[in-house]
Structures are given as C-alpha cells and as structure tokens.
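> below are the sequence and a predicted model; questions follow.
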Amino acid sequence: NPLFNRAVRGAYPPGSTIKPVLALAALETGTANLARETMCHGYFQLPGDDHRYRDWKPEGHGTVNIHEAISQSCDVYFYEISVDLGIDAMHDYLDRFGLGTRTGIDIGGEHRGLVPSRDWKRNNFSGDHRRWYHGETVIASIGQGYMLATPLQLAAAAGALATRGQRYRPHIVAAVEDALTGERVAVSPERLPDVQIRDAAHWDEVIGAMHDVLQGARGTARLVGIGAPYQMAGKSGTAQVVSIAQDEKYDETELEERQRDHALFVAFAPLEAPRIAVALIVENGESGSSVAAPIAKEIMDAWLGYDDDAS
C-alpha cells in the first residue's frame, strides 16, 4: 500500500505506548499509588478463570511499583490495575489525550481510531455480544483488543504528556499566501482543552518513569538512550497482529512477515523543556524497544541538532 498515508489513516493497536496515560488515570482515580506493588510471575489470571494473560517477559518482573511498571513495561501490573480501574475510566483518560478522536489536522482522510467503552460495545454489537467482559478490559490495558490509534494521535498524546497537559491541534500549513497580493498570513497553533488532573505531582511521576525507559538502569530502551547528550522520555510498544494461543509461544520464524508483531515507540525531548514529540510504527518490526526506539532517537537527534551531519 505505497500510497496509503499511515500517519493519519493507519489505525493500529497502540500496544504499551498507552501505559503512561493509564498510569496517570490510576494515580488520579486512586486505583494505584506510589506504594502499590504487584508481584509479576509472568502472567495474570482473573479470579475464577484459568486463562493466563501473559507478560512479555515469561519469567516475570518480580515485585514492581508503578514507576517500574512503566519503565520496564510490566504487563501484569497494568492487567491488575485495569480490573480496578475499569474500561470506562480508561476510556475517559485516553479520550482526554485525544485518542479515539480525529485530531483535526489540515489534511483529509484522517481515521478517528478507537477507544472502546461499555457504551461503544452496546451500540455496535447485538445480542450477547453487547456485553463487556473483564478479559476485554485486561487486554485493553496493554493497547490490544478493540483499541486502535493512528501514529498522529500517539504523537499528539506524547506531546500532551511532554507539556503536562497542554494540547494543540496539529497542522501542516505554516502560512496562507494571497495569490494576488503575495501577502502571507501565518497559521497560529490552535489550543485545545488541556488535560486536567487533580495532582500535578502525578505528571512528574509518569514523566520520570518515561525518562527511565530510555535513560534508567533497567528501562526497556536504555540501550538507545544511555549516553545521549540530552535527556529524553519515551515508551515502547509491541502490538500483536495475530493471536497466539495460550499454550503456544510466539515464534517469528513460523509466521509470515505480515503476521509478525508491530513495533511502536513514542518519545519527547529535551526532558526539561520539550521541543519535539515523536510517534512511530514499524509494521511487523516486532520490537518497540530495539527496532522502533532507535529510529525515534535518530529523529530527535536530527531535530535537536545532534545528528552526524550537524556535528
């Protein structure tokens, strides 16, 4: 699909790139706090259900708090808090960051993405399929299931995290020129409603954890960020394209390339005064941390003047 504009029309499962927003939701609603810890054995089970929702790390992460759950991308932590948080609260906070809604960028064909809720399912399914199940909440917490987002939406959400809630409508046109007079009128950024939270310290916690993703001792993308000449923050994501049965192990050698996991990454920099937010997807790239993150770093290097050509 060489003429398909993936940035605005490609709708993909966002994977773990949404975890910072869900962590903020959990802190804001009191579902989680800085002291809450989860023991990750590599899987999660709902009460009375023998189905295992697997973590990306088969041996588990051990005991993790919310900071470590973001920086190490512990699926089990988010599985657990999602049950307490609920799909409607998850929908509310993701919606505040513009996910599931067109950004309004000044080019056509934008996909709105999808953030599911109980009402959405009732309005789009029939019969017994209208019911929302706890298992659907669990998989939504790692950006799978019904959830879809465009790269542009993820970039806008990353920008809102970087600015601690300030949101703007993205645009491409810098100015409009009168064909007769040659007069140019600059297109000013349009401010959107800010993301309102009750405790500003929660921004610091989430952004600090995203910083450790790239520049912490155990962050999932630390090999990309450590030693960089500036401070940055990010979050990796790896999204399944095809389902893998509970008793099966993901083996890319047994899958066609188009069936392999997508690799995603969102980031912003510099940490103290952000100037650029990036979101990207490598279709069937498999690893957000090792495949997508280095590309995001190269983009930020170039924008901030740290690329090889600038030096």
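It's in. Numbering: from 1, shown residues only.
> residue contacts, Ser141?
For Ser141, the contact set (CB atoms under 8 Å, 6 or more residues apart in numbering) comprises Lys19, Leu22, Asp75, Phe78, Tyr79, Ile81, Ser82, Leu85, Met90. Quick note: C-beta positions are derived from backbone N, CA and C, even for glycine.
> so where do the strands sit in the stretch 51-200 of the chain?
For the stretch 51-200 of the chain, applying DSSP state E, counting those that start in this stretch gives strands covering 53-54, 62-64, 167-169, 175-177, 184-186, 190-192.
> centre of the chain to the fourth one, how far?
A distance of 34 Å separates the C-alpha centroid of strand 175-177 from that of its chain, computed with CA atoms, centre = their mean, to the nearest Å.
> tell me the SS of Phe265?
Put simply, Phe265 is strand when judged by DSSP: H, G, I helix; E, B strand; the rest coil.
> quick one, grab the pLDDT at it.
Looking at Phe265, its pLDDT reads 95.
> ok, and the closest non-adjacent residue to it?
In space, and not counting its chain neighbours, Phe265 is closest to Ala292: 3.7 Å by CB to CB, 6 or more residues apart in numbering.
> longest helix anywhere in this protein?
Longest helix of the chain, by residue count under DSSP state H: helix 201-215.
> what's the burial count for Glu272?
Glu272 is flanked by 7 other residues according to other CB atoms under 10 Å.
> and it, what does it touch?
Gln231.
> sorry, back to before: so what touches the longest helix of the chain?
With contact meaning CB under 8 Å, 6+ apart, helix 201-215 is reached by 20, 23-24, 27-28, 34, 66-71, 73, 161-162, 164-165, 197, 218-222, 224-226, 228, 231-236, 267, 271, 293, 297.
> now it: buried residues?
For helix 201-215, a neighbour-count test (16 or more other CB atoms under 10 Å) marks His202, Trp203, Glu205, Val206, Ile207, Ala209, Met210, His211, Asp212, Val213, Leu214, Gln215 as buried.
> and the pLDDT for the fifth one?
What it means is Ile207. pLDDT, Ile207: 97.
> distance check, it against Glu80.
Distance of Ile207 to Glu80, computed by CB to CB, to the nearest Å: 23 Å.
> now swap in the first one and tell me
Relative to Glu80, His202 is positioned 19 Å away (criterion: CB to CB).
> tell me how many other residues crowd Ser188.
Neighbours of Ser188 under the rule other CB under 10 Å: 8.
> this completes my enquiry, with thanks.
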